[in-house]
Every structure is written in C-alpha cells, then in structure tokens.
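Peer 1: next comes the sequence, and after it the predicted model I'd like to discuss.
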Amino acid sequence: MKFVFVHQNFPGQFGRIAKALVQDGHEVVALGMVKDCTIPGVRYVSYNAVPGPDDAPYQNRYSAVVPRLRRSYGVAHRARQMAEQGFHPDVVVVNTGWGENLFLKDVWPAAKHVAYFEYYYAAKGQDLDFDPEFPVTNPEIIWRLRAKNAMQLGALDAADLAVAPTHYQRDTFPAYLRDRIAVIHDGIDAQNLKPNPNVSIRLGEKGPRLSREIPVVTYVSRNIEPMRGSHIFFRSLPDMLRIDPRLRVVVVGGKGTSYSGQAPGGKSWFDVFRERINEKVDWSRVHFVGNLPYDQFVKVLQVSSAHIYMTYPFVLSWSSIEAMALECRIVASDTAPVREIIQDGVNGRLFDFFDSKALVERVRETLNDRTRSAEMAREARRIALERYDFQSVCLPKWQAFLGAS
C-alpha cells in the first residue's frame, strides 16, 4: 500500500508508525516544511506555504488562521504536482492542527483520508481561562480559537476517519462529534525504556555527578512556560530544597515558548518565574540543563527520586508516559489529562495544580516513603507497557485502523 503522512514539522507524531510501515514493505511518503527527513525508507517531499486567493483581508484579525490556510494551499499545490506525475496514495494521514488537510481530499479523492486530532480549543476551563494568574485580557483571543476550531471542523468534514491520542483530547471535541474519533495513542518505546538503579549522569562538563544515592527531584517541560505549570514549580523551590540538605533539583526544558503566549517585558518565562520567587533559593542545588539529547534525558529520569509532571487541561506530553515506563516516582498535577494515566495513590501522587505547598508535601511523601513509592513506580511501568507500548500495543491498533495489518 501507499501511505502519505503530512505534518509541517514531520515526523511529529508519525515517526514510529511511518518507520514500521516501511519495515512492513509499504511505500511511505511524507510531506512537510522541514528541510529533510531522517527516517530511512521514507520518501520526503517538502512544500512551502503559499498565499491563497482570499487570505489577504484576514491577515491581521485572523493571524492564527492565515498561516494554516497558506499551509493548506501550499501542501495541496505540491500534492497536485505529485498526482500529475502519477502518484496516488491509498491512505493520507494528516495532523489537522496545522490546517494541511483541507484540500487534499480534492487532490487525491480515491484515497482514504485520516485526520489526526490533537485538541479542540475552548473559551474556558482548558488551556484558556484555566489559570487565574494569567487571565484573558483580549477577547479576540477567543475569536482566534474559534477560527482554529473552524479549521478543525473543516478537517473532519474532509476526512474518512479520525483519531486522537487520548480520551481526554478526544473529549475536548463537541459531544456530537466524539463517536467519529477513535482513540489510539502514538505509542512510546516502553519496552526499551527501563529503570536503571546503577545509572549516574554528570550535568555538564563541570557539573555534579548525580546518582540514586542522593535525592534528585526532576521536572521536564519542552519549554519553561505557564502551560506546563512552570510558575507553580518555581514557586515551590524554596520549600522543596528544605526537604533534605542533600536534595538536588534538575530542570529539563528550554527558554522559548511552545504553547503559552509570550512573557511580559520581552523576557523569557524562565526569567520571569525565577525573578518572582520571593524567598532565598540555593541555586547551586538547582540545575537548569536546557533541552537534552534523548539519551541524557532518559538518564536524568533514571536517577530521579521524584519526578514532577504538570499541565493545564491540554495535550498530554509523551514525557509523562516515558517517565512511567522508566519507573519514575511520579508527582503530578490533578488535571484531567493526567488523571487518564495517573491514579492517585496507585501509580503516582496527585496534587492541586495551583498549590505549590501541596506539591512540596507530595514530593516529601515520595522521598520519605520509599517502599510505597517504589510499589507505585512499578505499577506505573506496568500501565505504560500495557497501554502505551508502541510495538506490542499501539502499532497493531494503528495497522488495523489504517488497513495495513
């Protein structure tokens, strides 16, 4: 069979399934805006976003939509060139968040079109208007979200099948649409992500070498920003460090923005949150390591004594499930996406997202009750293997869903 995967930042969520399909002997083509593709056997075709005939009047008011329309035009033009050259796929899979699938059904009408949905925006209670510390001050932000959702609805109209990675993310969509959206996780390499009690890692050329012999608290976010609770975490640091004089904190994440808006005053959220801590912090015991190569990220989690994961009601991070597979002692925010993978007292400890004191107490419990924490960590790994391992669980589901089994 011939498969096309479309993601402006390919591979995105599609790397593992694309590689598996190639290994099964299928022809796999990817369309994206990055320069190249590193997956052996995948034929990569790049495209450029181009203005459509009608987008000029909307550039200012609908700045969230215009780039998506331009991507949809750009990828459709490139796909049409491929069709004119004789390429006609059996299945087209598109991450709809970037607007790329709006016209592909018209270019390849005989193909089965699959819409991959990450998230449906809401005016209240999800990523927007969840955190009182960051209120909505511009009502047109809500208009932009509704315009983004309109693109999602258009994507669903053009799709033959639809899928979302978690039940929470599927359920952000209107109730009348949910039955049309299957739930299949992207999958993680849970079988090979294993705990290693003997691991150690040096933080930089001159930094300390950490191992399981001292308490290490870890926090991971692609970027330090409100969406992943970084402000609450930073606020907890003075009390966190008082738990044990040997305790070290390792913070993995960049200083850009992934999901939140820009920080005030031209600063990074990292700088803003650090400046807002109103107590003395022993920064020599807090290690900001930025974005790490994947093997080093794994080692950081393997030395972790308590791993903190936080998120608004939003897209669930792969790292949260990878931490489960690595048998981390997880302390996580009691928010809807997290409750899908963590049950309080069973495979981790939950706390109120906004309560930095509760976060510290849950970390203290995790460090002090080592026997119970280890039991919950083993259960976390069992669940990661049972529900989210790519090779044994998610791949067969994807193969059946795409008709490739």
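Peer 2: Everything's here; your move.
Peer 1: quick check: end-to-end length of stretch 159-179?
Peer 2: 14 Å (C-alpha to C-alpha, to the nearest Å).
Peer 1: for it, give the mean pLDDT please.
Peer 2: Over the span of stretch 159-179, the pLDDT mean works out to 97.
Peer 1: for it, which positions count as buried?
Peer 2: Neighbour-count burial for stretch 159-179, counted by 16 or more other C-beta atoms under 10 Å, picks out 159, 161-166, 168-173, 178. For every residue, glycine as well, the C-beta is placed using N, CA and C.
Peer 1: what sits against Asp271?
Peer 2: Applying C-beta atoms under 8 Å, 6 or more residues apart in numbering to Asp271 gives the contacts 255, 263.
Peer 1: what residues are up against Leu395?
Peer 2: 16-17, 20, 187.
Peer 1: return the subset of these lying in helices.
Peer 2: 16-17, 20 (DSSP state H).
Peer 1: return the member of the residues you listed nearest to Ile232.
Peer 2: Arg16 (32.0 Å; C-beta to C-beta).
Peer 1: re earlier: what's the closest of the ones in helices among the contacts of Leu395 to Ala49?
Peer 2: Using C-beta to C-beta as the measure, the one of these that approaches Ala49 most closely is Ile17, at 24.8 Å.
Peer 1: wait, the closest one sits on Phe401?
Peer 2: No: counting by C-beta atoms under 8 Å, Ile17 sits too far from Phe401 to count as a contact (9.9 Å).
Peer 1: these two: which is more packed in?
Peer 2: Ile17 (25 against 17; other C-beta atoms under 10 Å).
Peer 1: which one is the more buried one nearest to, not counting chain neighbours?
Peer 2: Closest residue in space to Ile17, ignoring its immediate chain neighbours: Trp398 at 5.1 Å, by C-beta to C-beta, 6 or more residues apart in numbering.
Peer 1: give me the three-state assignment for the one you found.
Peer 2: helix (DSSP: H, G, I helix; E, B strand; the rest coil).
Peer 1: residue contacts, Pro165?
Peer 2: Pro165 makes contact with 13, 118, 183-186, 316, according to C-beta under 8 Å, 6+ apart.
Peer 1: what does the average pLDDT come to for the strand or helix carrying Arg70?
Peer 2: Assigned by DSSP states H and E, Arg70 belongs to helix 66-84. Mean per-residue pLDDT for helix 66-84: 94.
Peer 1: what's the following helix or strand after that helix?
Peer 2: strand 91-95.
Peer 1: what helices and strands are in contact with that following strand?
Peer 2: Helices and strands touching strand 91-95, by 3 or more C-beta pairs under 8 Å, 6 or more residues apart in numbering; DSSP states H and E, are strand 2-6, strand 112-116.
Peer 1: got the angle between it and strand 2-6?
Peer 2: Orientation check (axes from the mean of the first three to the mean of the last three C-alpha atoms, to 10 degrees): strand 91-95 against strand 2-6 gives 10 degrees.
Peer 1: circling back: just flag the most distant two among the contacts of Leu395.
Peer 2: Ala20 and Gly187 (9.6 Å).
Peer 1: tell me the most buried of the helices and strands packed on strand 91-95?
Peer 2: Stretch with highest mean neighbour count among these: strand 2-6 (a mean of 25; mean count of other C-beta atoms under 10 Å).
Peer 1: paired strands for that strand, with orientation please.
Peer 2: Counting by DSSP bridges, the strands paired with strand 2-6 are strand 27-32 (parallel), strand 91-95 (parallel).
Peer 1: what's next to the helix or strand just after the shortest one, contact-wise?
Peer 2: From strand 91-95 onward toward the C-terminus, using DSSP H and E, the following helix or strand is helix 104-107. Contact partners of helix 104-107, identified using C-beta under 8 Å, 6+ apart, comprise 6, 75-76, 79-80, 83, 92, 94, 111, 113, 158-159.
Peer 1: possible to save the residues you listed as JSON lines with distance to Leu102?
Peer 2: Below are the contacts of helix 104-107 laid out as JSON lines (distance: C-beta to C-beta, whole Å):
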{"residue": "Val6", "distance to Leu102": "11"}
{"residue": "Val75", "distance to Leu102": "9"}
{"residue": "Ala76", "distance to Leu102": "8"}
{"residue": "Ala79", "distance to Leu102": "12"}
{"residue": "Arg80", "distance to Leu102": "13"}
{"residue": "Ala83", "distance to Leu102": "16"}
{"residue": "Val92", "distance to Leu102": "12"}
{"residue": "Val94", "distance to Leu102": "9"}
{"residue": "Ala111", "distance to Leu102": "15"}
{"residue": "His113", "distance to Leu102": "11"}
{"residue": "Ala158", "distance to Leu102": "6"}
{"residue": "Ala159", "distance to Leu102": "10"}
